[in-house]
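Novice: curious how this folds, go ahead:
(2 chains, ligands or ions: 2)
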Amino acid sequence: MKRNELLLAVALAAVVAGGTVLLPPVVGAQTEPGVPVEFVETSDGFDSPTGGGWDDVQTSTLPLSSAGADVPSANDVTVEELQVASVRTDERIYVRTSWADPTRDTSDSTVREFDDNVAIQLPSDSDEQPPIAMGSSDNPVNVWYWSGSGNSEELLAGGPGSTTPFEESQLRTEQEYADGRWFVVFSRPLDPDSSFALLPGSDDSSRTTIPRDDADLDVAVAVWNGSNMEVAGQKSASQWHRLAVSSGPPAYERFLWVIAGVAIVLTTIVTIEGVRRTRGDE
Amino acid sequence: MSSHTDSSQTVDLAEGVNHQVAMVMDLNKCIGCQTCTIACKTNWTDSGGREYMYWNNVETKPGAGYPRDWEELGGGWDDEGEERTPGELPEQEDYGAPWDFNHEQIMYEGSDEPLRPMDDAADWAPNWDEDEGAGEYPNSYYFYLPRICNHCTHPSCVEACPRSALYKREEDGIVLVDQDRCRGYRYCVEGCPYKKVYYNAMKKKSEKCIFCYPRIEGEGPEGEVRGPACAEDCPPQLRMVGYLDDEQGPIHKLVNEYEVAVRLHPEFRTEPNVYYIPPFAPPKHTQDGESTDEERIPREYLEELFGPKVNDALDTINRERQRVRNGGESELMELLNSDRSEKYRLEVFDEA
Ligand code: SF4
Ligand code: SF4
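Specialist: Ligands and ions are numbered 1, 2, ... in the order given. Here you go, the predicted model:
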């Protein structure tokens, strides 16, 4: 092998190795049904609902219908679908919700005014599927709740009417209203901070942990249109869907791909060189 | 609902409630001074999103009341008392909205007018129709109707809340909103047919009359047991306060024995525990000022307000009044004219 050929071989191997490390393994996530949660190295572009990061993330459309709760006018709801996209970093999960609502309701400051709301429901125990209507006392849910008047809350519920705020919310929300649509991004650490005090009657395990390895957990959403005076159980809600959390590429896996890539390139070069030499000797 | 079990009790109390506070208001004595309204306001609702609230209000009847046309807004129960009747939330303006004054003109535009409301500042407010009443001269009529939460035996506000944030206290049946449980959904506001639950937009929670429970628990002035401030401060002392199931007390006698104290809008079927002695007025006059036999306040109107029982109540009072006029004795008339010391019986069930 001549010196410049050897350099070429090394350079090729380096490209293969680098590519394996840098490219996110998105292929696996896209084939999952439900709502894929892609792994991203950094939260840049995902903190805000209009951040550029969201352009490249798969969006799922979840159909909504009346939750059928036991409240007056439960079936009088207006929002029919909600779009969800989600990514995670090593630290946090980001979920962007978006839905059409021609009226932007951000106030509940008089008796007949209600604001727009959106909520994400997750099982407290990510291995479980609680009853869809706010879980049950032995199979509770967490609810991430955003309201148009500017609040967001992290809630615990064990059945209809039992919603209780966690004392300290670890949730962050950002919203944007444009062209008759709300865009709301929720983000929360994957692992709930166990140092936060929880309410009496609940324990640390009642706060959902987002799994880090390839895993599914259930997710449901609900939307309220304030100008239609939608509140409480009068809401458009989805069924359970699967939140397919992608593992980030684990270190050993990347290392094996690097070795394999380099080995393939070197083997190819060595083989070509061998064939050439054989011919040259003739 | 359960009949109270000890001794010979016959008074119906709500399930799980040991005793029931109650109030009787004698409408013949109300002068519309609003001292009760102010007593309540300065105690409980003078700030923090409660400015528009009057847990105690006094309205002129006939009249639209507070909030405006509250009697038309639904709520309560159906005729069987089993299914709730849908209710509506009042408009903020129906409670009365803050008025605009000419601050801008005086402060920034150099106007030397006196401070006054703008011309279009309001076209409604509480007591906007005060003393208008109904009827034609010389037979026009009106009376004042003081109203608080009725701390009902079958409260539709409690039933309306999907979070069970409203509840009846076990010890005395006072209806309260648990401020930790309330999430401001306002089902109670629409569910109460008397519109006696109010939405606090600053707190995003519902609030209501608490029957001055700290006072009746002995946390009042000088650490003494006192009646609700609206009752204690009333100049003509027209409110009696006690327990419906205190069979020796005047409330039980007026409500259950003589049946002269009646409920406001019994057809809402929440079974209020505030009762009213219905109003009398002088008979109608002819154009020449001669009295006739005809009642000035039409019975139909009183029936509309207080249900058919108002007829017997009025007849009984008339009869007893006549008896006293004829030199006889009447326990009922004595009860209705008792002095202050007999108006409040709040310690009868205290542990000895
Ligand atoms: S008056 Fe209204 S608020 Fe008060 S107890 Fe009855 S239903 Fe409830
Ligand atoms: S304080 Fe007494 S007299 Fe005055 S308005 Fe109230 S109830 Fe009527």
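Novice: check which helices and strands the top helix by length along chain A is in contact with.
Specialist: Longest helix in chain A, counting residues (DSSP state H): helix A:251-281. Judged by 3 or more Cβ pairs under 8 Å, 6 or more residues apart in numbering or on different chains; DSSP states H and E, helix A:251-281 is in contact with helix A:3-22. Just so you know, the C-beta spots here come from the backbone N, C-alpha and C atoms, and that holds for glycine as well.
Novice: residue ranges of the strands in the chain, please?
Specialist: As the question left the chain open, I've gone with chain A. Counting by DSSP state E, chain A has strands at residues A:35-39, A:60-63, A:65-66, A:81-88, A:92-100, A:117-123, A:141-147, A:152-157, A:164-165, A:172-178, A:181-189, A:215-224, A:236-237, A:241-245.
Novice: I was after chain B.
Specialist: Using DSSP E, strands in chain B cover B:2-3, B:12-13, B:21-26, B:57-61, B:143-147, B:166-168, B:175-177, B:197-200, B:205-208, B:239-243, B:262-263, B:274-277.
Novice: want to throw the ones you listed into a markdown table with distance to A:Ser246?
Specialist: Output for the strands of chain B, formatted as a markdown table (distance: least, Cβ to Cβ, whole Å):
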| stretch | distance to A:Ser246 |
| --- | --- |
| strand B:2-3 | 59 |
| strand B:12-13 | 61 |
| strand B:21-26 | 61 |
| strand B:57-61 | 61 |
| strand B:143-147 | 62 |
| strand B:166-168 | 46 |
| strand B:175-177 | 46 |
| strand B:197-200 | 45 |
| strand B:205-208 | 42 |
| strand B:239-243 | 66 |
| strand B:262-263 | 65 |
| strand B:274-277 | 63 |
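Novice: tell me, domain by domain, which residues of chain A belong where.
Specialist: A:1-32+A:251-282, A:34-245 (automatic domain parsing).
Novice: would you turn the strands of chain A into TSV with mean pLDDT, mean neighbour count and distance to B:Ala313?
Specialist: Shown next, in TSV, are those (pLDDT from 0 to 100; neighbours: other Cβ atoms under 10 Å in any protein chain shown; distance: least, Cβ to Cβ, whole Å):
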stretch	mean pLDDT	mean neighbour count	distance to B:Ala313
strand A:35-39	94	23	66
strand A:60-63	96	14	59
strand A:65-66	97	15	47
strand A:81-88	97	23	58
strand A:92-100	98	22	57
strand A:117-123	98	24	49
strand A:141-147	97	24	49
strand A:152-157	96	20	49
strand A:164-165	94	19	47
strand A:172-178	97	17	58
strand A:181-189	97	21	57
strand A:215-224	94	22	47
strand A:236-237	98	24	51
strand A:241-245	93	22	62
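Novice: and B:Lys204, which of those strands is closest to it?
Specialist: Distance to B:Lys204, taken as Cβ to Cβ, is lowest for strand A:141-147 among the strands of chain A, at 9.3 Å.
Novice: who are the contact partners of residue 176?
Specialist: Answering for chain A, as no chain was given. Residues in contact with A:Glu176, defined by Cβ atoms under 8 Å, 6 or more residues apart in numbering or on different chains, are A:48-50, A:182-184.
Novice: try again with chain B
Specialist: B:166-167, B:169, B:208, B:210, B:213.
Novice: who wins for proximity to ligand 2 among the domains of chain A?
Specialist: Minimum separation from ligand 2 across these (Cβ to the nearest ligand atom) falls at domain A:34-245, 24.9 Å.
Novice: between the two ends of the closest one, how far is it?
Specialist: 10 Å (Cα to Cα, to the nearest Å).
Novice: same question, stretch A:55-74
Specialist: Using Cα to Cα, the two ends of stretch A:55-74 sit 35 Å apart.
Novice: now it, how far from the centre of its chain.
Specialist: 17 Å (Cα atoms, centre = their mean, to the nearest Å).
Novice: just stretch A:163-181 next, same as before
Specialist: 15 Å.
Novice: contacting residues around B:Leu302?
Specialist: By Cβ under 8 Å, 6+ apart, the neighbours of B:Leu302 are B:278-279, B:310, B:314.
Novice: now B:Ala281: how far from B:Tyr344?
Specialist: 28 Å (Cβ to Cβ, to the nearest Å).
Novice: and these two? Which one has more around it.
Specialist: Under the criterion of other Cβ atoms under 10 Å in any protein chain shown, the comparison of B:Ala281 against B:Tyr344 puts B:Tyr344 first, with 21 against 14.
Novice: OK, contacts around the residue lying closest to that one once chain neighbours are set aside?
Specialist: Distances taken as Cβ to Cβ, 6 or more residues apart in numbering or on different chains place B:Gly227 nearest to B:Tyr344, at 4.4 Å, with adjacent residues excluded. Shown in contact with B:Gly227 (Cβ under 8 Å, 6+ apart): B:212, B:215-216, B:239, B:241, B:343-344, B:346.
Novice: and the residues you listed, which is closest to chain A?
Specialist: Using Cβ to the nearest Cβ, B:Cys212 comes nearest to chain A of the contacts of B:Gly227, at 24.3 Å.
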